[in-house]
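[1] Need the 3D shape of this:
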Amino acid sequence: MYETLLALLVAHLVADFPLQPGWMIRRKRNPPVLALHGLVVAATAALALGGLPGEVLVILVGTHLAMDAVKVYLLPDSLGSFTLDQLVHLAVIIALAVAFPGTFAQGAWAALPADAAAACLVGECLLGGAIASLMVGAIVIRKATAPFTHQLSGDIAGLESGGTYIGWLERALVMLLILIGQPAGVGFLITAKSILRFGDVRDSSQRKLTEYIIIGTFMSFGWGLLIAVLTQLAMRHWL
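    Predicted coordinates:
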């Protein structure tokens with residue numbers, strides 16, 4: 001069951017984030033674009049499972065498109081809508097893993113030698129963890145801090161997408177430090193970022209910016225730590 005759960009979860013993360021670019025998200029109200037996303041969901045799931053389990057794929061894609069349609073046509077673009085969307089997808093994935101626990105075992109990857117199959121599963125853990133930490137984390141933090149951004153002065157600007165790349169880098173470093181068994185390094189990373197940010201917040205008149213940076217920083221590191229620990233636990237199961 002756990003192999004099926006992992007494969008479906010990683011396939012979902014790949015299909016919903018790196019393989020769902022901005023243009024697809026913006027045009028998702030167009031039925032052909034929504035259908036194209038459904039094909040991507042089916043293809044990634046089939047690849048992760050190493051086969052074409054028809055019943056599993058039909059249920060997975062059908063429920064995925066139904067939830068996406070509800071989100072696109074009926075729900076606002078908010079953290080709550082994003083969370084609900086992902087929780088529904090996760091619930092379906094868990095239900096499928098429970099109802100069809102042997103799906104992965106019937107696929108091509110399960111036929112590999114034991115060491116190769118274990119390496120494949122560990123690799124899926126790393127891939128899923130990286131996507132969840134970097135890409136999902138960026139969306140969650142951006143939507144969570146959105147209510148505060150309009151309170152900042154309009155003349156505050158930095159590099160285009162600079163904050164996104166900084167978040168990716170810091171969460172990637174957090175995951176690396178956790179996976180190599182050096183969690184104390186996360187403290188030094190937080191200290192280093194605080195020093196680098198000192199120039200932005202040393203003026204007492206910039207209290208809003210100071211609080212905004214602190215909120216974003218703690219969200220980013222907290223999310224990075226959570227995903228890194230979960231990834232490490234998942235990897236240990238198959239190592």
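[2] Next up, the contacts around Gly50.
    The contact partners of Gly50, by CB atoms under 8 Å, 6 or more residues apart in numbering, come to 7, 104, 107-111. Every C-beta, even on glycine, is put in place using the N, C-alpha and C of the backbone.
[3] From Leu233, how far off is the nearest residue to Met1 once chain neighbours are set aside?
    Closest residue to Met1 apart from its sequence neighbours, by CB to CB, 6 or more residues apart in numbering: Pro101 at 3.7 Å. In this structure, Pro101 and Leu233 are 20 Å apart, going by CB to CB, to the nearest Å.
[4] These two: which is more packed in?
    Counting neighbours by other CB atoms under 10 Å for Pro101 and for Leu233 shows that Pro101 has the greater number, 14 against 10.
[5] confidence score at the more buried one?
    According to the model's per-residue confidence, Pro101 sits at a pLDDT of 91.
[6] ok, now Leu159?
    pLDDT, read off for Leu159, is 59.
[7] how is the chain carved up into domains?
    Following automatic domain parsing, the chain resolves into domains at 2-111, 132-238.
[8] Let's have those domains in CSV, adding distance to Glu124.
    As requested, the domains of the chain are arranged in CSV below (distance: least, CB to CB, whole Å):
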stretch, distance to Glu124
domain 2-111, 5
domain 132-238, 9
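[9] Point out the most buried one among those domains.
    With neighbours taken as mean count of other CB atoms under 10 Å, those reach their highest mean count in domain 2-111, at a mean of 17.
[10] And that one, how far out from the chain middle?
    On the basis of CA atoms, centre = their mean, to the nearest Å, the separation between the geometric centre of domain 2-111 and that of its chain is 13 Å.
[11] Check the domains of the chain for me: which has the lowest mean pLDDT.
    Comparing mean pLDDT across the domains of the chain, the weakest is domain 132-238, with a mean of 77.
[12] Quick one: residues contacting Met1.
    Met1 sits next to 97-98, 101 when contact means CB under 8 Å, 6+ apart.
[13] what's the spacing between the helix or strand harbouring Thr217 and its chain's center?
    Element membership of Thr217 [criterion: DSSP states H and E] is helix 207-238. In this view, helix 207-238 has its centroid 12 Å away from the chain centroid, taken as CA atoms, centre = their mean.
[14] With stretch 231-239 instead?
    Average the C-alpha atoms of stretch 231-239, do the same for its chain, and the two points are 18 Å apart (CA atoms, centre = their mean).
[15] what's the closest of the domains of the chain to Leu121?
    Proximity of these to Leu121 was assessed by CB to CB; the nearest stretch is domain 132-238, lying at 4.5 Å.
[16] Between the two ends of the closest one, what distance do you get?
    As for domain 132-238, its first-to-last residue distance stands at 19 Å under the measure CA to CA, to the nearest Å.
[17] circling back: which of the contacts of Gly50 lies closest to Leu90?
    Ala7 (14.1 Å).
[18] what separates the residue at minimal distance from the centre of the chain from Asp115, distance-wise?
    When CA atoms, centre = their mean is applied to the chain, the residue found nearest the centroid is Ala132 (2.5 Å). Relative to Asp115, Ala132 is positioned 26 Å away (CB to CB).
[19] still on that earlier bit, can you list the helices and strands that the helix holding Thr217 packs against?
    Applying 3 or more CB pairs under 8 Å, 6 or more residues apart in numbering; DSSP states H and E, we find helix 207-238 packed against helix 114-131, helix 137-149, helix 162-179, helix 184-196, helix 198-201.
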